[in-house]
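Q: Dropping a prediction and its sequence here:
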Amino acid sequence: MLILDHDWLSIYPGLSIALTLAVMARILLRPNRVPASRIAWLVVVGALPLVGIVAYLLLGEVNIGRRRVARVRAVLAQLPKYVGEGSDEIVPEKFRNLFRLGRSVSGFWPVGGNTGRLLADSNAAIDAMVADIDASKDHVHLLFYIWLADNNGCKVIEALKRAAARGVTCRAMVDDIGSRSLVRSPHWQTMREAGIKVASGLAVGNPLLRMLTSRIDLRNHRKIVVIDGTITYCGSQNCADPEFLVKARYAPWVDAMVRFEGPIAHQNQLLFAGDWMAGVREDLGDLLKPPVARGASDMPAQVIGTGPTVRYSAMQEVFQSLLFAARREIVVTTPYYVPDDSLQTALCASAYRGVDTTIIFPARNDSWIVGWASRSYYADLLAAGVKIYEYEGGLLHTKSLTIDGELLLIGSANMDRRSLELNYENNILVHDPDLTEAMRTRQREYIERSKEITVGQVARWSMPRRLVNNTAAILGPLF
């Protein structure tokens with residue numbers, strides 16, 4: 001027995017070293033990892049082998065599980081392919097390459113014949129959704145990352161119940177973690193009993209078992225509303241009150257949603273169908289016929305859906321290409337800013353080449369580590385001439401990018417690593433000076449309620465503060 005114990009003690013260091021080297025090799029061989037991420041994980045695994053190995057296995061790879069990947073691919077193969085339908089000629093030539101890039105991500109051409117209206121605020125957006133649900137005749141599809149059973153959340157629930165009672169087919173999908181409180185509440189069952197088809201996206205089930213097969217923090221962060229295949233909503237808003245009671249200390253949450261009518265709704269419909277059919281074995285083929293209207297030049301728009309089963313770096317490519325296309329002005333709003341080197345460089349380069357570049361962040365961030373990491377990038381942005389504002393009227397949650405007063409990108413994607421590499425996101429790229437100006441007006445309102453951050457202020461930050469910010473930024477590539 002003593003010999004066995006002695007043999008085990010002598011063998012264990014060798015096994016530990018072998019396992020550490022195997023994981024390090026996996027880190028080096030894993031595709032699509034940027035060098036900074038590889039280095040960070042190698043340091044963690046080398047310095048803290050046991051903790052580092054466990055952390056890497058849980059958080060180090062973009063893996064939703066082989067069965068899920070196979071299911072997603074099978075569903076995407078069933079969805080209609082609109083090769084040859086639509087045209088980028090409805091977009092001014094100087095912007096066509098941007099829409100071609102968008103098409104390479106999700107397969108959608110830009111489509112015209114749309115109208116779009118920026119809703120006044122979060123409550124107005126929910127009221128508009130409820131009115132459209134009440135007027136629906138055939139189907140209502142909703143997907144939200146977070147859906148709370150608060151005032152606004154229950155308004156939508158009751159509207160769905162009314163629609164289902166009059167024979168409208170209603171499908172509601174939520175992220176299993178983001179909306180866990182709703183899924184576990186009596187409301188979820190009453191929705192099902194009312195005839196609403198409900199589903200949890202990326203269901204976790206048993207967390208311990210799930211962690212053995214996939215990374216559980218890869219989430220469906222999309223916000224999609226499609227009504228009768230002709231109306232859709234896109235923006236940053238979850239289905240909740242702006243008071244956002246689960247994180248009330250940061251309230252109000254300030255969001256922006258656009259209500260679209262026209263063929264663009266069909267593209268959001270396809271995104272929803274892909275997510276629904278991947279999680280629910282229901283064929284939505286009858287709803288996926290292309291809309292009749294095509295080729296009109298009014299408000300060309302294009303849905304861009306990204307995620308861990310879509311081309312790696314797709315969201316970075318979209319952001320960077322838009323930034324490099326700007327000639328006069330860029331205005332960005334994002335609550336979470338933890339960029340990779342290329343995105344940070346694109347913003348700085350835009351300012352260096354004379355483009356008026358502005359970024360608006362929230363002054364108080366609900367994610368402390370993201371807030372700290374974001375500020376580690378301020379000095380370089382300011383040195384390049386980027387104007388930075390911190391919004392003080394609540395948690396600015398709007399994700400928007402306006403280019404030269406003509407282009408608008410709005411949706412769910414932040415400029416952080418979760419949106420760039422990990423989560424499922426949906427955005428709409430629009431060429432329309434009027435809608436872009438409406439968003440610019442909203443962005444100016446944000447600036448009026450913000451404080452400008454200057455080079456001098458950042459230079460006066462204490463050493464402990466800079467140490468915390470930079471340490472948080474170093475940890476960014478791990479997640």
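A: On my side now, so go ahead.
Q: Would you mind splitting the chain into its domains for me?
A: 2-59, 66-100+107-301, 314-478 (automatic domain parsing).
Q: so residue 240 makes contact with residue 154?
A: No: the pair residue 240 / residue 154 is not scored as a contact, 10.3 Å apart, by Cβ atoms under 8 Å. The C-beta positions use only the backbone N, C-alpha and C, and glycine is treated the same way.
Q: So between these two, which is more surrounded?
A: Applying other Cβ atoms under 10 Å to residue 240 and residue 154 shows that residue 240 carries more neighbours, namely 25 against 14.
Q: Let me see the contact set for that one.
A: 146-148, 150, 152-153, 253 (Cβ atoms under 8 Å, 6 or more residues apart in numbering).
Q: swap the cut-off to 7 Å and go again
A: 146-148, 150, 152-153 (Cβ atoms under 7 Å, 6 or more residues apart in numbering).
Q: for the residue sitting nearest the centre point of the chain, phi and psi?
A: Nearest to the geometric centre of the chain sits residue 413, at 3.1 Å (Cα atoms, centre = their mean). Note on residue 413: backbone dihedrals following degrees, to the nearest 10 are phi -80, psi 130.
Q: how near is it to residue 279?
A: 21 Å (Cβ to Cβ, to the nearest Å).
Q: for residue 165, same thing?
A: Relative to residue 279, and taking Cβ to Cβ, residue 165 is found at 25 Å.
Q: Those two: which is more packed in?
A: Using other Cβ under 10 Å as the criterion, residue 165 and residue 279 rank with residue 279 on top: 20 against 11.
Q: my read: the more buried one touches residue 201, true?
A: Yes: counting by Cβ atoms under 7 Å, residue 201 is a contact partner of residue 279 at 5.4 Å.
Q: So which residues of the stretch 1-150 of the chain form helices?
A: Under the criterion DSSP state H, counting those that start in this stretch, the stretch 1-150 of the chain carries helices at the ranges 2-29, 35-47, 49-59, 66-78, 96-106, 122-135.
Q: Return the fifth one as PDB; C-alpha atoms alone will do.
A: Backbone C-alpha positions of helix 96-106 (Å, rounded to 0.1, in the frame of the first residue of the first chain) are rendered in PDB as follows:
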ATOM      1  CA  ARG A  96     -22.200  48.600 -52.100                       C
ATOM      2  CA  ASN A  97     -19.200  46.800 -50.800                       C
ATOM      3  CA  LEU A  98     -20.500  47.200 -47.200                       C
ATOM      4  CA  PHE A  99     -23.800  45.400 -48.200                       C
ATOM      5  CA  ARG A 100     -21.800  42.800 -50.100                       C
ATOM      6  CA  LEU A 101     -20.000  42.100 -46.900                       C
ATOM      7  CA  GLY A 102     -23.300  41.800 -45.000                       C
ATOM      8  CA  ARG A 103     -24.500  39.400 -47.600                       C
ATOM      9  CA  SER A 104     -21.500  37.200 -47.100                       C
ATOM     10  CA  VAL A 105     -22.400  36.900 -43.400                       C
ATOM     11  CA  SER A 106     -26.100  36.000 -43.600                       C
END
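Q: for that helix, which positions count as buried?
A: Using 16 or more other Cβ atoms under 10 Å as the test for burial, helix 96-106 gives 96, 98-99, 101-103, 105-106.
Q: Return the list of helices and strands in contact with it.
A: Helix 96-106 makes packing contacts with strand 301-306, helix 314-325, strand 425-431 when contacts are defined by 3 or more Cβ pairs under 7 Å, 6 or more residues apart in numbering; DSSP states H and E.
Q: So which of these has the densest surroundings on average?
A: Neighbour counts (mean count of other Cβ atoms under 10 Å) averaged over each of the helices and strands packed on helix 96-106 peak at strand 301-306, with a mean of 28.
Q: so where is the stretch 101-250 of the chain shaky, pLDDT-wise?
A: Low-confidence segments of the stretch 101-250 of the chain (pLDDT under 70): 205-216.
Q: Please name the residues that touch residue 328.
A: Contacts of residue 328 by Cβ under 7 Å, 6+ apart are 355-356, 404.
Q: want to throw these into CSV with neighbour count and pLDDT?
A: Output for the contacts of residue 328, formatted as CSV (neighbours: other Cβ atoms under 10 Å; pLDDT from 0 to 100):
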residue, neighbour count, pLDDT
355, 21, 98
356, 15, 98
404, 17, 98
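Q: from memory residue 435 sits against residue 119, does it?
A: No: contact criterion Cβ under 7 Å: residue 435 and residue 119 do not qualify, at 11.9 Å.
Q: Who has more neighbours out of the two?
A: Of the pair residue 435 and residue 119, residue 435 is the one with more neighbours under other Cβ under 10 Å, namely 24 against 20.
Q: That one sits in which helix or strand?
A: Per DSSP states H and E, residue 435 falls inside helix 433-448.
Q: roughly how far apart are the residue lying closest to residue 468 once chain neighbours are set aside and residue 251?
A: For residue 468, ignoring the flanking residues on the chain, the nearest one in space by Cβ to Cβ, 6 or more residues apart in numbering is residue 372 at 5.4 Å. Relative to residue 251, residue 372 is positioned 21 Å away (Cβ to Cβ).
Q: the more surrounded of these two?
A: The residue with more neighbours, out of residue 372 and residue 251, is residue 372; 20 against 15, by other Cβ under 10 Å.
Q: picking up where we left off before, shared neighbours, residue 279 and residue 201?
A: Counting by Cβ under 7 Å, 6+ apart, nothing touches both residue 279 and residue 201.
Q: what about residue 26, how many residues close to it?
A: 16.
Q: which residues does it contact?
A: Taking Cβ under 7 Å, 6+ apart as the definition, residue 26 has no contacts.
Q: Validate this expectation: residue 348 resides in a helix.
A: Yes: Residue 348 forms part of a helix when assessed by DSSP: H, G, I helix; E, B strand; the rest coil.
Q: so how far is residue 416 from the closest residue to it other than its chain neighbours?
A: Of all residues not flanking residue 348 in the chain, residue 384 sits nearest, at 3.8 Å (Cβ to Cβ, 6+ apart). As for residue 384, its distance to residue 416 is 20 Å (criterion: Cβ to Cβ).
Q: what does residue 383 give?
A: 22 Å.
Q: If you count surrounding residues, which of the two has more?
A: Neighbours per residue (other Cβ under 10 Å) separate residue 383 from residue 416, with residue 416 holding more: 24 against 13.
Q: pretty sure the more buried one is touching residue 337, no?
A: Yes: using Cβ under 7 Å, residue 416 makes contact with residue 337 at a distance of 6.2 Å.
Q: residues touching residue 426, list them.
A: Residue 426 touches 222, 224, 234, 271, 303, 305, 411-412, counting by Cβ under 7 Å, 6+ apart.
Q: Can you lay out those as JSON lines showing secondary structure?
A: Formatted as JSON lines, these follow (three-state DSSP):
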{"residue": "222", "secondary structure": "coil"}
{"residue": "224", "secondary structure": "strand"}
{"residue": "234", "secondary structure": "strand"}
{"residue": "271", "secondary structure": "helix"}
{"residue": "303", "secondary structure": "strand"}
{"residue": "305", "secondary structure": "strand"}
{"residue": "411", "secondary structure": "strand"}
{"residue": "412", "secondary structure": "coil"}
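Q: Could I get the residues you listed in JSON lines, plus columns for distance to residue 138?
A: Shown next, in JSON lines, are those (distance: Cβ to Cβ, whole Å):
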{"residue": "222", "distance to residue 138": "22"}
{"residue": "224", "distance to residue 138": "17"}
{"residue": "234", "distance to residue 138": "20"}
{"residue": "271", "distance to residue 138": "19"}
{"residue": "303", "distance to residue 138": "20"}
{"residue": "305", "distance to residue 138": "23"}
{"residue": "411", "distance to residue 138": "25"}
{"residue": "412", "distance to residue 138": "26"}
